[in-house]
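**Q** Just need the structure, nothing else, for what follows:
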Amino acid sequence: MQDAALRLKALMEQLLGAPVPVRIRAWDGSEAGPPGTPVLVVRNRRALRRLLWKPGELGWARAWVAGDLTVDGDLYTALDAMAEMVWEHGEDGGGARQALRNPDVRAAVRGLVRMAGSPLPPAPPDEEVRRHSRLSHLHTKHSDRRAISHHYDVGNDFYETVLGPSMVYSCAYWESPDGTLEDAQRDKLSLVARKLDLRPGMRLLDVGCGWGSMAIHAAREHGVSVVGVTLSQEQAAYARKRVAEEGLTDRVEIRVQDYRDVIDGPYDAISSIGMAEHVGSERYLEYARNLYALLKPGGRLLNHQIGRRPWRNESNYQINGFIDAYVFPDGELAPIGETVTQLEGAGFEVRDVESIREHYALTLRRWVANLEADWPHAVRLTSPGRARVWRLYMAASALAFERNRIGVNQVLAVRTPGTGASGMPLRARTWN
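**A** The predicted model follows:
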């Protein structure tokens, strides 16, 4: 009798204490759950073992990356419906422990154990980061190089498929949701340049320069000399090739270098776009002080950074298990208030904070569309598991931005000299 889906539905509803929000299709072909909704496809019993051994984000992620779980239907609708079931556990992490005190919940877990078969935990997918020791090596130069390599040295051809010709891997700036990704990314680079007031003859340091898009834009459109630094060998090689093709080798230098090792200041301006998320809370003040020291008096910093909502008890904050294991190892998000406080603690005068949260949701949906439109090619360029990681990560992140679970902010700060002359216009917001 093919009834695995019905049994799974009943057991999951015991665990949740609420109806399962999506339809379930099990490995035996059976289906159960509300019709007309996306279908959660449980391809094998191994998916259950992954969830039992690692409840929460990491177990679901391992099952997804390994191909043990998939979704038939609209992925965004499915993730939105399943958000509370998978991700939203409360700040104290005690929801599961509380639930296991319920005899019905314990009975449901025993039922899932019987359905899962073998008691041995499946090996994690190959795409998962392996760590021997985390805390003792967090955000050293060596550990940061490894983390950046895991995320960015996936293959430039793969990123071209996802990002498109701009090769900008950060939030675009949209005039309209109907605009093109290329126009929106160009407008973002132009926005950063205007906030920094880039002019011919200035020196710009682009921290975490990626594939060179900001450096090229600044040199070509504003006549500045640029040093771009990245920890990714693949990014640097790609960026140098683009710089040469643009005929800008006399104005743009791309280095494989840690920002902590840059010593050739002062610079007139610094852009840090989508890089500070890698710094870590324990190192953030050091990051801010380094950039402050590299700026000339009156120089500007544009810090473009993803932020999270503050927790009532910040000591309970934990890095998302899926993101940490598969996407940004050791990456940390901070509330915007903490970012501003740290920049001020380093000596900066913060002059403007602009939230562009909705813009990132639009950007991520375009990246997902690019990936899905060329899925077989993307899989060939990397691996099926890696392609699944990026699809899940970007789709879930788009929803997180839309639902205000996370945001993204551009902070404009100045190394204001002792005279108080910031060099800022009386009405600074001329860039909108």
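
**Q** And the pLDDT at Asp352?
**A** pLDDT, Asp352: 97.

**Q** and it, what are its phi and psi?
**A** Backbone geometry at Asp352, expressed as degrees, to the nearest 10, gives phi -160, psi 140.

**Q** so what's the closest residue to it other than its chain neighbours up against?
**A** Using Cβ to Cβ, 6 or more residues apart in numbering and skipping the chain neighbours, the partner closest in space to Asp352 is Leu412 (4.2 Å). The C-beta positions use only the backbone N, C-alpha and C, and glycine is treated the same way. Leu412 sits next to Lys195, Leu196, Arg300, Leu301, Leu302, Val350, Arg351, Asp352, Val353, Glu354, Ala428 when contact means Cβ atoms under 8 Å, 6 or more residues apart in numbering.

**Q** Would you mind checking the residues you listed for buried ones?
**A** Lys195, Leu196, Arg300, Leu301, Leu302, Val350, Arg351, Glu354 (16 or more other Cβ atoms under 10 Å).

**Q** Quick one: the contacts of Leu412 as a markdown table, columns for distance to Gly228 and secondary structure too.
**A** Below are these laid out as a markdown table (distance: Cβ to Cβ, whole Å; DSSP: H, G, I helix; E, B strand; the rest coil):
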| residue | distance to Gly228 | secondary structure |
| --- | --- | --- |
| Lys195 | 18 | helix |
| Leu196 | 14 | helix |
| Arg300 | 17 | strand |
| Leu301 | 15 | strand |
| Leu302 | 14 | strand |
| Val350 | 24 | strand |
| Arg351 | 24 | strand |
| Asp352 | 24 | strand |
| Val353 | 25 | strand |
| Glu354 | 23 | strand |
| Ala428 | 26 | coil |
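
**Q** Just list the residues touching Gly321, thanks.
**A** Lys54, Gly56, Glu57, Leu58, Ala61.

**Q** burial count for the second one?
**A** Put plainly, it is Gly56. Gly56: 17 surrounding residues under other Cβ atoms under 10 Å.

**Q** do the last one as well
**A** Here the number of neighbours of Ala61 (other Cβ under 10 Å) works out to 30.

**Q** Contacts only, for it.
**A** Shown in contact with Ala61 (Cβ under 8 Å, 6+ apart): Gly321, Phe322, Ala325, Tyr326, Leu392.

**Q** How far does stretch 40-53 sit from its chain's centre?
**A** 26 Å (Cα atoms, centre = their mean, to the nearest Å).

**Q** Going by neighbour count, list what's buried in it.
**A** Buried-residue list, stretch 40-53, by 16+ other Cβ under 10 Å: Leu40, Val41, Val42, Asn44, Arg45, Arg46, Ala47, Leu48, Arg49, Arg50, Leu51, Leu52.

**Q** circling back to that earlier point, want to throw the contacts of Ala61 into a markdown table with distance to His359?
**A** Output for the contacts of Ala61, formatted as a markdown table (distance: Cβ to Cβ, whole Å):
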| residue | distance to His359 |
| --- | --- |
| Gly321 | 27 |
| Phe322 | 23 |
| Ala325 | 27 |
| Tyr326 | 25 |
| Leu392 | 21 |
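
**Q** among those residues, who's most crowded?
**A** Tyr326 (28 neighbours).

**Q** what two of the buried residues of stretch 40-53 have the greatest distance between them?
**A** Spanning the widest gap among these are Val41 and Leu52, at 18.4 Å by Cβ to Cβ.

**Q** Need the three-state assignment for Gly385.
**A** helix (DSSP: H, G, I helix; E, B strand; the rest coil).

**Q** Begin at 17, not 1, for the rest of this chat.
**A** Yes, from this point I'll number from 17; that puts the last item at Gly401.

**Q** average model confidence for stretch 120-138?
**A** For stretch 120-138, mean pLDDT rounds to 83.

**Q** same question but for stretch 307-327, I mixed them up
**A** Mean pLDDT, stretch 307-327: 97.

**Q** same check, this time on stretch 343-360
**A** pLDDT averaged over stretch 343-360 gives 93.

**Q** buried ones in that stretch?
**A** 343-352, 354-359.

**Q** What of stretch 420-437?
**A** By neighbour count on 16+ other Cβ under 10 Å, the buried set for stretch 420-437 is Arg421, Ile422, Gly423, Val424, Asn425, Gln426, Val427, Leu428, Ala429, Val430, Arg431, Thr432.

**Q** ok, now stretch 38-58?
**A** Across stretch 38-58, burial judged by 16+ other Cβ under 10 Å covers 38-43, 46-49, 53-58.

**Q** Flag the shaky bits of the stretch 167-316 of the chain, pLDDT-wise.
**A** Along the stretch 167-316 of the chain, the model assigns pLDDT under 70 to residues 167-169.

**Q** Okay, and the beta partners of the residue nearest to Asp368?
**A** On the basis of DSSP bridges, Leu428 takes part in beta bridges with Leu318, Asp368.

**Q** And it, how far from Glu29?
**A** According to Cβ to Cβ, to the nearest Å, Leu428 stands 50 Å off from Glu29.

**Q** before we move on, what about Asp142?
**A** The value you get for Asp142 to Glu29, if Cβ to Cβ is used, is 34 Å.

**Q** So if I had to pick from these two, which one is more boxed in?
**A** Between Asp142 and Glu29, counting by other Cβ under 10 Å, Glu29 is the more crowded of the two (14 against 11).

**Q** OK, contacts around that one?
**A** Glu29 is in contact with Pro35, Val36, counting by Cβ under 8 Å, 6+ apart.

**Q** for the closest residue to His238 other than its chain neighbours, what are its contacts?
**A** Ranked by Cβ to Cβ, 6+ apart and with sequence neighbours excluded, the top spatial neighbour of His238 is Leu214, at 4.0 Å. Counting by Cβ under 8 Å, 6+ apart, Leu214 makes contact with Leu220, Ala234, His238, Val240, Ala285.
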